[in-house]
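Undergrad: When you get a sec, could you give me coordinates for this:
(chains A and B)
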2 protein chains.
Amino acid sequence: MNVGIVGGGQLARMLALAGYPLGLRFQMLDPAADACAGQIAPLIQGDYDDEARLRQLAEWAEVVTFDFENVPAAAARALERQTVTFNPPAGALAAAQDRLYEKALFWELGIPTPPFATVDSLEELRAAVGRIHLPAVLKTRRLGYDGKGQRVLRASEDIEPAWRALGGVPLLLEGFVPFQREVSVLAARGRDGATVFYPLVENHHRDGILRLSRAPLAAPELESEGWDHARRLLERLNYVGLLAIEFFVRDDRLIANEMAPRVHNSGHWTIEGATTSQFENHLRAILGLPLGSTTALGHSVMLNCIGAMPERAAVLAVPGAHYHAYGKAPLPGRKVGHLTLRAEHPDALQTGLDRLLPLVGLEASEFD
Amino acid sequence: MNVGIVGGGQLARMLALAGYPLGLRFQMLDPAADACAGQIAPLIQGDYDDEARLRQLAEWAEVVTFDFENVPAAAARALERQTVTFNPPAGALAAAQDRLYEKALFWELGIPTPPFATVDSLEELRAAVGRIHLPAVLKTRRLGYDGKGQRVLRASEDIEPAWRALGGVPLLLEGFVPFQREVSVLAARGRDGATVFYPLVENHHRDGILRLSRAPLAAPELESEGWDHARRLLERLNYVGLLAIEFFVRDDRLIANEMAPRVHNSGHWTIEGATTSQFENHLRAILGLPLGSTTALGHSVMLNCIGAMPERAAVLAVPGAHYHAYGKAPLPGRKVGHLTLRAEHPDALQTGLDRLLPLVGLEASEFD
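TA: This next block holds a predicted model:
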């Protein structure tokens, strides 16, 4: 069975690593000749809106999916027409690509979000600040990721500089949520409508970039709330594949931040930490196969490696630690890999974590 | 870091799948253009004794290893001269390639074996039968695997036909061991001499081909005996990498059958069933990295898929089941993949096993 992936980054790479044992073949489409998934599967080099390349991928593959949410909507729709199965559906992509549509979808389904307002001029921004109050976050509606395309407004003198930095494209002002923690829900829905939900994940960001995820978070009520939200989204979107939703937690309630219609960084712990990884379940879903158990195997923590990989020997000397290099060249701010630490008991996890944190440039005191 | 593998079968393929997350690159050397590891890593097509191809592999790689024990001794020695590290060592290969040297090594280290005698003529065979008695097994000293190159002698009228079938190459007659069970020990030794041992594995063969492995086998005394035998072999051979030893169990003692200086079919359960898989620990060992924990995660059973793969959906519908296709064309008698079933409790394992056994052509009653 041939699976085409639009995008050839680390998510495509990990999808292929999960899919080879299932007997699948992969091809990726990516504009970069050195896209890291190309190290382990054939790469079609081409822009995401290159119709000839998209057709080439669709003709080879029986199923097409993607590894990032900024696949051009026109390309997604073209693939949907050409391929028997293109999943997750283009409608989910479209919603995830525009923060306004995404927020509207959350509201329609009764999923709480921060207050928000569209902003297309400096006057609209001033008016929105008047309604939403500060602090608030000004975001581009499209093409934001890892904290890019965002400005935090703390005082009225931040308004004009933020407008100068981001203005000119459709924007959204969001009320800043003074959250106690950030969590994410990972869920998968099969072609037959069956759904599975992973244990709740706690996330820690720095400068808008995910640095650490921990699972399972023992918070049954939050988890159940998150699963309910995810279930409504999956059904509303007639979703097939893995879906990730990031939430803020305030006053023990979930407030939706954003969703990603794909495998997600906060689910990398599932490779070793769950019976079935998010990558395998995404593939099972889009191929129409039975979904696998999402049960956590003990306790896991995932640490992103930003800029460069830590020394292999230092990581592997930590009992229960796993090393995941993406085959990417070092570059400041770039996600080049992740580490996962798994243990049966939380105490053992903490002992190992204390050794791993300095290897990825974090201090133990930040994550007690 | 570049790793070359002599041989491009399923073991090379699973080594690469374990090694990509470590940031390794692979190339395989195999005479077959369609060797299955070539689906996921570049393949150099060439005979194992093709000096130019071996040099090409050695020049590209920083570390060279192999995925089957019949690498020609001359090729192994040439690689040892050319490469900074070729492991497991050529001496271990040489011992594993000749059943006589292997038996001599076991005896030297005090590891019990069946009685045996070299046979180079029909007269020697008759004399050996006189000493060892029947039943006995006549085996070629070299190039036997999966029951090939063997004849069981049950009565004196079997002697001549067995000689006609196998005679002409150096042979060994081994006393037939009326065993209660078959087990294997998997162990790894690092470049620094550190060793790790996997939980004892119970194996079931049919027609000389491994069909089912189960781990861990709760037999602490046998396990400790097996680990002692393995430790002596690892040290005597100055071994680096993963070593597998197959034993018969008779009267609660281990009798060595054979060893394999490589990752082993009876260790495939470690991919999901142990903290660190045999494939990753082999790579860690030959790269000089710290060895990983061999702790079993619950209970596992591995089923070989012989001839053809079972239907994916039927396998994946079984909770805790994992599917491993090697990307090989179906062919009677060929190992084309394996399934692993993992569960926290033996009862759950048995329930799933009852569903998987018929999918691989086995009957539940055989494996109670």
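
Undergrad: Show me what the lowest-mean-pLDDT helix or strand in chain A packs onto, helices and strands only.
TA: When each helix and strand of chain A is scored by mean pLDDT, DSSP states H and E, helix A:73-82 comes last, with a mean of 82. Here helix A:73-82 touches helix A:51-60, strand A:85-86, helix A:90-97, going by 3 or more CB pairs under 8 Å, 6 or more residues apart in numbering or on different chains; DSSP states H and E. (Each C-beta comes from the backbone N, C-alpha and C, glycine too.)

Undergrad: can you do 10 Å?
TA: When contacts are defined as 3 or more CB pairs under 10 Å, 6 or more residues apart in numbering or on different chains; DSSP states H and E, helix A:73-82 packs onto strand A:2-6, helix A:51-60, strand A:63-66, strand A:85-86, helix A:90-97.

Undergrad: Buried residues, stretch A:20-31. List them.
TA: Under the neighbour-count criterion of 16 or more other CB atoms under 10 Å in any protein chain shown, stretch A:20-31 has A:20, A:21, A:22, A:23, A:24, A:25, A:26, A:27, A:28, A:29, A:30 buried.

Undergrad: Bridged to the residue of the stretch 201-350 of chain A found nearest chain B, which residues?
TA: For the stretch 201-350 of chain A and chain B, the shortest gap (CB to the nearest CB) falls at residue A:325, measuring 3.1 Å. Here residue A:325 sits in beta bridges with residue A:337, going by DSSP bridges.

Undergrad: Residue A:117 too?
TA: residue A:173.

Undergrad: before we move on, which element is residue A:69 in?
TA: Using DSSP states H and E, residue A:69 is not contained in any helix or strand.

Undergrad: Look up how far chain B lies from the nearest residue to it once chain neighbours are set aside.
TA: Leaving aside its chain neighbours, residue A:69 sits nearest to residue A:96 (4.6 Å; criterion: CB to CB, 6 or more residues apart in numbering or on different chains). Distance from residue A:96 to chain B, counting by CB to the nearest CB, to the nearest Å: 27 Å.

Undergrad: correct me, but residue A:96 touches residue A:106?
TA: No: judged on CB atoms under 10 Å, residue A:96 makes no contact with residue A:106 at a distance of 11.4 Å.

Undergrad: Give me the common contacts of the two.
TA: Taking CB atoms under 10 Å, 6 or more residues apart in numbering or on different chains as the contact rule, residue A:96 and residue A:106 both touch A:258, A:259.

Undergrad: what's around residue A:202, how many residues?
TA: Applying other CB atoms under 10 Å in any protein chain shown, we find 20 other residues in the vicinity of residue A:202.

Undergrad: Surely it touches residue A:182?
TA: Yes: contact criterion CB under 10 Å: residue A:202 and residue A:182 qualify, at 7.2 Å.

Undergrad: anything in contact with each of the two?
TA: Residues touching both residue A:202 and residue A:182 (CB under 10 Å, 6+ apart): A:213, A:249, A:266.

Undergrad: For these, give me TSV that also has neighbour count.
TA: Below are those laid out as TSV (neighbours: other CB atoms under 10 Å in any protein chain shown):
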residue	neighbour count
A:213	27
A:249	21
A:266	28
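
Undergrad: roughly how far apart are the nearest residue to residue A:290 once chain neighbours are set aside and residue B:352?
TA: Spatial nearest neighbour of residue A:290, excluding adjacent residues (CB to CB, 6+ apart): residue B:317 at 4.3 Å. Distance from residue B:317 to residue B:352, counting by CB to CB, to the nearest Å: 10 Å.

Undergrad: The two: who's more crowded?
TA: The residue with more neighbours, out of residue B:317 and residue B:352, is residue B:352; 19 against 14, by other CB under 10 Å.

Undergrad: Test my guess that the more buried one contacts residue B:344.
TA: No: at 11.7 Å, residue B:352 and residue B:344 do not qualify as touching, with contact defined as CB under 10 Å.

Undergrad: what is in contact with those two at once?
TA: The overlap between the contact sets of residue B:352 and residue B:344 (CB under 10 Å, 6+ apart) consists of residue B:320.

Undergrad: so residue A:247 sits in a helix?
TA: No: Residue A:247: not assigned to a helix; according to DSSP: H, G, I helix; E, B strand; the rest coil it is strand.

Undergrad: Leaving out chain neighbours, which residue sits closest to it?
TA: That would be residue A:254: by CB to CB, 6+ apart, it lies 4.2 Å from residue A:247.

Undergrad: Shouldn't that neighbour be within a strand?
TA: Yes: remark: residue A:254 belongs to a strand, assigned using three-state DSSP.

Undergrad: Bridged to it, which residues?
TA: Beta-bridge partners of residue A:254, counted by DSSP bridges, are residue A:249.

Undergrad: residues in contact with it?
TA: Shown in contact with residue A:254 (CB under 10 Å, 6+ apart): A:111-112, A:179, A:183, A:185, A:200, A:221-223, A:225-226, A:228-229, A:245-248.

Undergrad: These in strands, which ones?
TA: Per DSSP state E, strands hold the following members of the contacts of residue A:254: A:183, A:185, A:245, A:246, A:247, A:248.

Undergrad: Neighbour-wise, which one of these leads?
TA: Ranked by the number of neighbours (other CB under 10 Å), the ones in strands among the contacts of residue A:254 place residue A:185 first, at 30 neighbours.

Undergrad: which residue sits closest to that one in space, ignoring its chain neighbours?
TA: Per CB to CB, 6+ apart, closest to residue A:185 is residue A:226, 3.9 Å.

Undergrad: Do I have it right that the one you found meets residue A:187?
TA: Yes: counting by CB under 10 Å, residue A:187 is a contact partner of residue A:226 at 8.8 Å.

Undergrad: Quick one: name the residues of the stretch 1-150 of chain A near chain B.
TA: Neighbours of chain B within the stretch 1-150 of chain A, by CB under 10 Å from any CB of the partner chain: A:1, A:13-14, A:16-18, A:20-26, A:39-41.
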